[in-house]
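Asks: have a look; sequence and predicted model below, questions after that.
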Amino acid sequence: MRKPSSREASDQLNLTFAALADPTRRAILARLTSGETTVMELAAPHDMSLPAISKHLRVLEHSGLIERARNAQWRPCRLKAAPMKQAVDWLEDYRRHWEASLDRLDDYLQQLQSKEKKHVAKKT
């Protein structure tokens with residue numbers, strides 16, 4: 001299996017984050033963490049038409065976050081984790097950056113507090 005180019009990876013992240021931007025699609029993905037289910041079962045908790053749910057499913061399928069199959073009358077949907085893992089990995093790089101920045105800020109504040117304590121001690 002070939003590694004995706006940086007352009008392909010960027011395009012996949014765009015699709016993933018665009019799909020995750022909608023609360024209905026996030027709710028559908030949350031339901032699919034429990035396992036494969038039908039379109040009707042996915043639509044049940046939402047106050048919208050089946051065509052509207054189908055549009056959400058198409059976005060999720062296009063982003064690679066779900067897979068739909070046909071099994072006679074039953075149309076199961078299942079979660080696909082790879083695009084979500086790619087998004088988490090991308091976010092993880094930024095989490096490490098901000099944690100390091102906050103650690104440096106904490107160190108700096110501790111130095112300032114230490115200097116302030118020494119300055120106050122000299123005055124007394």
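Replies: Good, I have the coordinates. Numbering: from 1, shown residues only.

Asks: burial count for residue 101?
Replies: Using other Cβ atoms under 10 Å, residue 101 is surrounded by 10 other residues. To be clear about C-beta, it is placed using only N, CA and C from the backbone, and glycine gets the same treatment.

Asks: residues contacting it?
Replies: Shown in contact with residue 101 (Cβ atoms under 8 Å, 6 or more residues apart in numbering): no residues.

Asks: next one: it from residue 115, what distance?
Replies: 21 Å (Cβ to Cβ, to the nearest Å).

Asks: now swap in residue 92 and tell me
Replies: For residue 92 relative to residue 115 (Cβ to Cβ), the value is 35 Å.

Asks: what's the answer for residue 81, then?
Replies: For residue 81, the distance to residue 115 - Cβ to Cβ - is 49 Å.

Asks: residue 122 now?
Replies: The value you get for residue 122 to residue 115, if Cβ to Cβ is used, is 11 Å.

Asks: how about residue 7?
Replies: 49 Å.

Asks: can you read off the pLDDT for residue 4?
Replies: Here, the pLDDT recorded for residue 4 equals 65.

Asks: residue 1 too?
Replies: On the pLDDT scale, residue 1 gets 59.

Asks: what's the spacing between residue 114 and residue 102?
Replies: As judged by Cβ to Cβ, residue 114 and residue 102 stand 19 Å apart.

Asks: okay, residue 122 and residue 115: which has more neighbours?
Replies: Each of residue 122 and residue 115 has its neighbours counted (other Cβ under 10 Å); residue 115 has more, 10 against 7.

Asks: so how far is whichever strand or helix holds that one from its chain's centroid?
Replies: Secondary structure from DSSP states H and E places residue 115 in helix 82-123. Remark: helix 82-123 is offset 24 Å from the chain centroid, using Cα atoms, centre = their mean, to the nearest Å.

Asks: kindly report the same for stretch 109-124.
Replies: 44 Å.

Asks: could I get the average pLDDT for that stretch?
Replies: 80.

Asks: same question for stretch 43-61.
Replies: On average, stretch 43-61 scores 95.

Asks: for stretch 12-28, same thing?
Replies: 96.

Asks: got the end-to-end distance for it?
Replies: One end of stretch 12-28 to the other measures 19 Å (Cα to Cα, to the nearest Å).
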